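**Student:** Got a predicted structure plus its sequence, pasted below:
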Amino acid sequence: MGDYKYIEVNIHSPMQATVSLVSPQGETYAVYFDQKSTCSYPFSKLQSTEKLRKVECKHRIFILICLDCSQTCNIIEQYSYTLTEVGDIVNRLDAFALQPNSLKLNIPSTFNYSDLKKRYWHLTSSDPFELTYLHGVISKCYGCDKKYTDINRKSPFDVIIKHLEVRLRFNNDKKEWYISANKEKSNAYYHLQTDCVQKVHPNFKAGDIIITNELRLRRAQALSHQFRN
């Protein structure tokens, strides 16, 4: 089917991905997946005709076999996909890029810090965005990466946004950021500004914020204490 030095996976969105195959001779073939797959191999540049679209691309087939898609209907022979099918392919690519595989291919799973944060936002987009107080060891905004100032720790400026995120780790030996294979999640914190959150969650709106009963109670207690003094 093919002999490749390594394969690089780049996830653009939950429904789009590019996979680059590099041959021992250094030739690179890029296969793009959305609802229609295309390949940089010369014949694919002429895929405007229905006949050529049906030509089996060995690079696309190789990738789908690596993803164990041979178990899924006729998806190996297809060049176009339903939203469910392309979503499944992208999810498989994501898992394939982050986990060891029997082919011993070199799968780069790390990008720079900002790209990694943006890559997995959809995995926690349904989790609530909650208001909370800046406290303890929380040191900087997960969106703009700026440190919270002393003013941010004083009422009424100490309210921030809390959200569950797939968190990044740093490999001291390789000096690079990476995502753990199990996509470990933990709370992240943002300035009370939509543009900070939108740096990671592009679809975020101010109306998505939830005010918890705990926050209401603490604010009421703080106001009561101020009036007593």
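**Tutor:** In hand now; what should we look at? Treat the numbers as computed from the prediction; the structure is a model and nothing was measured.
**Student:** rest of the way, CA atoms for contacts and neighbours
**Tutor:** Fine.
**Student:** need the strands for this structure, in chain order.
**Tutor:** All strands of the chain, identified by DSSP state E, fall at 6-13, 16-22, 28-33, 38-39, 129-133, 159-166, 168-171, 176-179, 185-190, 209-210.
**Student:** Now tabulate the ones you listed in CSV and tack on mean neighbour count.
**Tutor:** Shown next, in CSV, are the strands of the chain (neighbours: other CA atoms under 10 Å):
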stretch, mean neighbour count
strand 6-13, 18
strand 16-22, 20
strand 28-33, 19
strand 38-39, 21
strand 129-133, 20
strand 159-166, 21
strand 168-171, 13
strand 176-179, 18
strand 185-190, 17
strand 209-210, 16
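**Student:** in this protein, which helix or strand is least confident?
**Tutor:** Among the helices and strands of the chain, helix 50-53 carries the lowest confidence by mean pLDDT, DSSP states H and E, at a mean of 44.
**Student:** What degree of burial does the closest residue to Ile65 other than its chain neighbours show, as a neighbour count?
**Tutor:** Nearest residue to Ile65, sequence neighbours excluded (CA to CA, 6 or more residues apart in numbering): Ile76, at 7.5 Å. Residues near Ile76, counting by other CA atoms under 10 Å, number 18.
**Student:** picking that back up, let me have the strands of the chain in CSV, extended by distance to Asp150.
**Tutor:** Converted to CSV, the strands of the chain look like this (distance: least, CA to CA, whole Å):
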stretch, distance to Asp150
strand 6-13, 37
strand 16-22, 42
strand 28-33, 47
strand 38-39, 52
strand 129-133, 13
strand 159-166, 13
strand 168-171, 26
strand 176-179, 29
strand 185-190, 15
strand 209-210, 24
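**Student:** out of the ones you listed, nearest to Cys66?
**Tutor:** strand 6-13 (10.6 Å; CA to CA).
**Student:** could you check the angle strand 16-22 makes with that closest one?
**Tutor:** 170 degrees (axes from the mean of the first three to the mean of the last three CA atoms, to 10 degrees).
**Student:** which strands and helices sit next to strand 6-13?
**Tutor:** Helices and strands touching strand 6-13, by 3 or more CA pairs under 8 Å, 6 or more residues apart in numbering; DSSP states H and E, are strand 16-22, helix 83-98, helix 113-119.
**Student:** Pick the most deeply packed of those.
**Tutor:** strand 16-22 (a mean of 20; mean count of other CA atoms under 10 Å).
**Student:** Please report phi then psi for Ser37.
**Tutor:** Dihedral angles phi and psi of Ser37 (degrees, to the nearest 10) take the values phi -90, psi 140.
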